[in-house]
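Participant: fold the following.
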Amino acid sequence: MTILKTLAVGLIAMCLPMAAHADDVVLTNGGGTFTSNTTGQGTVGTTTLSLSGSYLIGISGLSGLGISNQSVSFPGCGACLGSVTLTTGTLTSGVLNQSGSGYTNLATFGAGGTFMATGPDGMVFQGTFSSATWSKPSPGTFTLQATIVNATLTIGGVTYQITSAVTIDLTTNGTGEITNGNGSVSFSNDQGTTNFTSPTPEPGALTLLGTGLIGIGILVRRRIAV
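Facilitator: Below is the predicted model of the structure:
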């Protein structure tokens, strides 16, 4: 019986690292520019916002998958940890800017578009938007808040399906709207975060572990019988 108890303790110890995978992941990015694909305030059914030139500057919650918690200072971090890019779905209501302050849900974007974050060890997180809102909490400052679906996380060549909720929250740096030479508008990004739950091992891996433990149990029973 002592041997069986030892086996049970060993099973619990082996499962603990797997439970540690279920951390909250936070990807932090800084810098870059939001740019519309149309002129002026935007056009419902046509306008999108794209973020380019933004660096990945912080990672936490992926240590169970082999990527340690880490961060770098921005600006001045060179290539940083990776990059973050996105393009929203098309504008469904509202405008990109409005005089004054305190406008919530200034604009809403529909499903579609793309989001991608790249990092160390071949890390790629990507998905599409289910919805996104563009708000103006104070003069010159805008925020993009969104949810992502159909997300995947690839690390070291292994791809995980992210079935938990994914949210992003990005804030501009308060410089306001910039009108480009072609009539499109831009907003300088300050910093943002992407949050989701770290994936757990595939059921197949757990099945293999269980099969192996059953085999060990049989061997222990045979030795006790002898």
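Participant: alpha carbons of stretch 172-182, as CSV, please.
Facilitator: Provided in CSV are the C-alpha atoms of stretch 172-182 (Å, rounded to 0.1, in the frame of the first residue of the first chain):
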residue,chain,number,x,y,z
THR,A,172,-2.8,56.6,-28.2
ASN,A,173,-0.2,59.1,-26.8
GLY,A,174,-2.4,62.2,-26.7
THR,A,175,-1.0,63.9,-29.8
GLY,A,176,-4.4,63.8,-31.4
GLU,A,177,-5.3,63.2,-35.0
ILE,A,178,-2.7,63.8,-37.8
THR,A,179,-3.9,64.3,-41.4
ASN,A,180,-1.6,62.8,-44.0
GLY,A,181,-0.9,64.1,-47.4
ASN,A,182,-3.3,61.7,-49.1
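Participant: so where's this structure shaky on pLDDT?
Facilitator: Residue ranges of the chain with pLDDT under 70: 1-22, 201-226.
Participant: where do the strands sit along it?
Facilitator: Along the chain, counting by DSSP state E, strands occupy 24-30, 33-39, 49-60, 70-71, 82-87, 91-94, 103-109, 112-118, 124-138, 141-155, 158-162, 166-179, 184-197.
Participant: can I get the ones you listed in TSV including mean neighbour count?
Facilitator: Heads up, the C-betas are built off the backbone N, CA and C, glycines and all. Shown next, in TSV, are the strands of the chain (neighbours: other CB atoms under 10 Å):
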stretch	mean neighbour count
strand 24-30	20
strand 33-39	18
strand 49-60	21
strand 70-71	14
strand 82-87	22
strand 91-94	18
strand 103-109	18
strand 112-118	18
strand 124-138	19
strand 141-155	19
strand 158-162	14
strand 166-179	17
strand 184-197	20
